[in-house]
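Visitor: here's my sequence, what's the structure:
(3 chains)
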Amino acid sequence: MSSRHQLRIAAISTALVALVATGGSAFAQKKYDSGATDTEIKVGNIMPYSGPASAYGIIGKTEAAYFQMINDNGGINGRKVNFITYDDAYSPPKAVEHTRKLVESDEVLVVFNPLGTPSNTAIQKYLNTKKVPQLFVATGAAKWNDPKHFPWTMGWQPNYQDEARIYAKYLLKEKPDAKVAVLYQNDDFGKDYVKGFKEGLGDKAKSMIVTEESYEISEPTIDSHIVKIKSTGADTLMDFTTPKFAAQTIKKAGELNWKPLHIVTNVSISVGAVMKPAGFEYGQGVLSAAYLKDGADSQWDNDPGMKKWSAFVDKYLPGSNKSDSGLVYGYGAAQTLQKVLEMCGDNLTRENVMKQAASLKDFQTDVALPGVKINTSATDFAPIQQVQMMRFKGEKWELFGDVISSEAKD
Amino acid sequence: MSTIQETVAKTDAAAVDAPPKKSMALGRTTSLVMLVALLIVPLFVKNFVIFQLTMLLIYGIAVLALNILTGGSGQFSLGQSAFYAIGAYAAAILIEIGNVNYVLTLPIAGIICFAVGFLFGFPALRLSGVYLALATFALAVAMPQLLKLGVFEPWTGGVQGLVVTKPDAPFGLPISQDMWLYYFTLVVALVIYIASVNLLRSRSGRAMMAIRDNEIAASAMGVDISMYKTLAFGVSAGITGVAGALGAIAVQFVAPDSYTFQLAIALFLGMVVGGVGWLPGSLAGAAFIVFVPNIAEGISKGLSGAFFGVLLFLVIYLVPHGARQGAIYAETLLHKLRRS
Amino acid sequence: MDLLVNQVLAGIATGAIYACMALAIVMIFQAIDHLNFAQGEMAMFSTFIAWQLMQWGVPYWWAFILTLIISFAAGVIIERVLFKPLAKAPVLTNVAGFIALFAIINSVAGLIWDFTIKQFPTPFGSSPFMGSQLISTHQAGMIGVTLVLLILLFLFFRFTRIGLAMRAAATLPESARLVGINTGWMIALGWGMATAIGAIAGILIAPVVFLEPNMMGGVLLYGFAAAVLGGLSSPLGAVIGGFLVGIFENLVGTYIPGVGNELKLPIALALIVIVLVVKPTGLMGRTVVKRV
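Guide: Purely as a prediction, here's the structure:
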């Protein structure tokens, strides 16, 4: 009860702050594009609720629940958020159809957090021609930070290539003579990591990487790949895989009693959905990097942000599995959009939404790691660029080192 | 040995005893009404509905192609998505890298796919029923992996796919890109439909249907079985390729993820819902695969898959022989009304 | 040479998964004379039931037995309720029904148990088997269970009245009816048995691939390939087919330079198609003579 009360107070106070910040002029001058009125803001979204990527559908459900919470607390600057989400089944043609429906029939103000690199690539040109914001896309490809060519498209999470570069730098510093095996998923996700990793190693990529092994998402198990990689004598494993396969890799390596320096991607760090199924005993010492907190990690039990998140899940998504990282991701993305819409005040034009989205300063969501802040500018369309490395110990991740920013490219 | 073929033939014959000539096309009045509707509707709806209708026609063409193969020659395919993908990539590569006019890409895509389908028809000759289903299914599963292959990346764009430019209306016609593309697709669809109906009525079509109904009897009557079976594969693949090319132009994007075996299954469902062997049903089947997923997710987001399944069950319970059965009901009803 | 042995052994280990699934596929083919696309999802759902029972504190073997009983009953009910009305409909319509069933089961499982992966216990342990790191005790146990099942099925179809009646009902329904076999119930029985065998396959596979609603997508494809390669009318063929597909795939990935690893599935499938072209009813399948 008390946490719900706190929530409401927080919401009211942010609304008040926003009101004061936009000042009196807001009342004099209300500006709207289609999708926004005095009472409502329409937000569109595309998610794979069915089909092969249906595991991500929880992100859309979380966002819908989040905006339900906002509406129950009075909305954003007095306007209710009407969150319209459609199922594209991870198929680009379906994504195009639904995006067009959102823009031309539902007339949404923004298309927010559509998921998947292929689907977003398919709708990017259309949305930019129509000048509709394609805001905070749910994919870590590097190409969303391109304000010059696509001023209406903006990413959200750290991109895969930058993350891989951070691992490369770590290796160069800590283990420059490593014999590296690279295991990757043969799609845009895995290939982005491989590209960033090789660029990060630079000239040493050729001498350090002893083998590259790819697998298809249709393979039931990748055990035989692990057997093969182990036989190359590699002592370092770059594991660019999605959760299920990361868990298989950790487990199989453990069963084979193979203990390389093992780095998994940020996508596959869930304690409940990767490390636990793989077996905690096999996961000891695995490395990765994070920018969000983990819902099943006990170290955040007393964290105020995660308490808010937990209260939200209990009330609006009862019965959900809190170890599902989609619940944290959806919350963080939705909160970022809430912030942007608050900043817009009464000027709810698409242009202003992009302008405000591109002027976020040190914004921190409840679910981001301490020190991970969102910063954007007219030339920087990559909201989250900071991650922190961590090592798995006992039953949780231990953060180490500084929060690393990937901005400085070399 | 050939379970599927035999049973298809058996049950089809039992269910619909209309002469083949009539069962392949609609009556003249119905055809005209349909045509007028297809011509007029786009003038009154939003651009995105026009886009949906364009996709409807495109899937209709692809379902029709499968119908020629299964309904016409009795061969079963779960691999149509592979030909669709080849057509789509052929068009995308020609437009974006070869700077070829989009109109020209259609026949080229068709010819490439005809050749691939014809060649695939040879090993398929030895297979039937579930074995053929597996072989074609393998093709559908393998296709996205082939498209991702590093060797082809300079042309295919690898895992990232290719973005395709949408054509403007020619001669400075004052209509939107969507509307132009719709009418362009409609013309292509009509040409293919009329050609297909005539093909099945021709000597070759009768030969194919003879093979479907009884292969051994057909060969005893002097029908060149291997020729017509591979020909059916080629024609079907070629038409699917044209649909794929149109799809690439309408969606403006091709990527391996667009052409997984889910597409093959969708096309198969379209054929069953439309009625196996009944060409006009292809449009009804296409409507099923375009609109029913949307209806299902409108009922529930979390259970959209389940509701899709339930709706599919409903359809096959009501009309196990597809839209053709519905059309026959309607026709008899009309006759009764006219008489009374 | 070492690498070759390793890859063959690793192939047998994954092949065991395919063999298990292929056995369930052959079972349903024996009963209804076509393939059930929803079989993988049904096995997945059974495995979730076993998992749920264990979460509620039921011991492993009791959960195992209960799951088999529930699955058998569910299989019979699905046939009676959903597919009996389609008995007179064309085969392709039935196939569409399987696809509908697939969509329903997958979606319902996702709603009840969500999509995060879950670990599934194994009674065999997962330490290396007989000193070989390539095959774990679980995989050895899985191969063992598969072989026992195979023998049981063989005995059932060859020597029991009901097994013979079932085969008769599937191959020649009209003649079977004439000699007094209730073909409708034989089909339902076949569904029940296939679902129960699928449940065993799911329970054996889950510890390796982890339990989640989409776990069977890939397995079913390989299972089909294995069953078709071995010959759909032969349980022994299906099991051999499963191991062959596993080994095929690994050897292609290891020894074909350049594209081998990226294309190991397409190449393995192409090899199967070639085998089928040479022997159209699979390696161990009976050749059926067609009458005009």
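
Visitor: can we go C-alpha only for contacts and neighbour counts from here?
Guide: Will do.

Visitor: so who does C:T116 touch?
Guide: Applying Cα atoms under 8 Å, 6 or more residues apart in numbering or on different chains to C:T116 gives the contacts A:55, A:273, A:324, C:212.

Visitor: can you map out the helices along the stretch 1-150 of chain A?
Guide: A:2-22, A:25-28, A:57-72, A:92-100, A:117-130 (DSSP state H, counting those that start in this stretch).

Visitor: before we move on, the earlier item: tell me the two of the contacts of C:T116 that are most distant?
Guide: Checking these against each other with Cα to Cα, the farthest-apart pair comes out as A:D324 and C:E212, at 12.8 Å.

Visitor: what does chain B put close to chain A?
Guide: B:46-49, B:51-52, B:148, B:159-161, B:163, B:251-255, B:257-258, B:294, B:297, B:301-302, B:304-305 (Cα under 8 Å from any Cα of the partner chain).

Visitor: just to revisit the earlier point, lowest average pLDDT across the helices of the stretch 1-150 of chain A?
Guide: For the helices of the stretch 1-150 of chain A, the weakest mean pLDDT is recorded on helix A:25-28, namely a mean of 46.

Visitor: give me the contact list for the helix or strand hosting C:A225.
Guide: When secondary structure is defined using DSSP states H and E, the element that contains C:A225 is helix C:216-230. Residues from elsewhere that reach helix C:216-230, judged by Cα under 8 Å, 6+ apart: A:218-220, B:131, B:134, C:17-23, C:25-26, C:39-41, C:43-44, C:236-245, C:269, C:272, C:275-276, C:281-285.

Visitor: could you list the buried residues of the helix or strand that it is followed by?
Guide: Using DSSP H and E, the next helix or strand after helix C:216-230 towards the C-terminus is helix C:235-255. Of the residues in helix C:235-255, those with enough neighbours to count as buried (16 or more other Cα atoms under 10 Å in any protein chain shown) are C:235-254.

Visitor: tell me how far stretch A:94-101 lies from the chain's centre.
Guide: A distance of 22 Å separates the C-alpha centroid of stretch A:94-101 from that of its chain, computed with Cα atoms, centre = their mean, to the nearest Å.

Visitor: any bit of it sitting next to chain B?
Guide: Yes. Legend: contact between stretch A:94-101 and chain B by Cα under 8 Å from any Cα is shown at A:96-97, A:100-101.

Visitor: which other residues reach that stretch?
Guide: Applying Cα under 8 Å, 6+ apart, the set of residues contacting stretch A:94-101 from outside is A:46, A:86-88, A:107, A:111, A:119-120, A:122-123, B:48-49, B:51-52, B:251.

Visitor: likewise for stretch A:348-366?
Guide: Under the contact criterion Cα under 8 Å, 6+ apart, stretch A:348-366 has outside partners A:30-34, A:36, A:109-110, A:131-133, A:152, A:304-306, A:308-309, A:332, A:335-336, A:340-341, A:343-344, A:372-378, A:380-381.

Visitor: could you rerun that using 6 Å?
Guide: If you take Cα atoms under 6 Å, 6 or more residues apart in numbering or on different chains as the criterion, stretch A:348-366 is touched by A:31-33, A:305, A:332, A:340, A:373-378.

Visitor: highest neighbour count among these?
Guide: Among the contacts of stretch A:348-366, A:G332 has the most neighbours (other Cα atoms under 10 Å in any protein chain shown), with 24 neighbours.

Visitor: what's the nearest residue to the residue of the stretch 1-150 of chain C found nearest chain A if we skip its chain neighbours?
Guide: Taking Cα to the nearest Cα, chain A has its nearest neighbour within the stretch 1-150 of chain C at C:Q119, 4.5 Å off. Residue nearest to C:Q119 in three dimensions, not counting chain neighbours: A:P277, with 4.5 Å by Cα to Cα, 6 or more residues apart in numbering or on different chains.

Visitor: tell me, how many residues neighbour that neighbour?
Guide: Applying the criterion other Cα under 10 Å, we find 22 residues in the vicinity of A:P277.

Visitor: that one: which element?
Guide: Take DSSP H and E as the rule and A:P277 turns out to sit in helix A:276-278.

Visitor: for that helix, what is the average pLDDT?
Guide: Here helix A:276-278 scores 91 as its mean pLDDT.

Visitor: can you give me the strands for the stretch 151-300 of chain B?
Guide: Secondary structure of the stretch 151-300 of chain B (DSSP state E, counting those that start in this stretch): strands at B:162-163, B:253-254.
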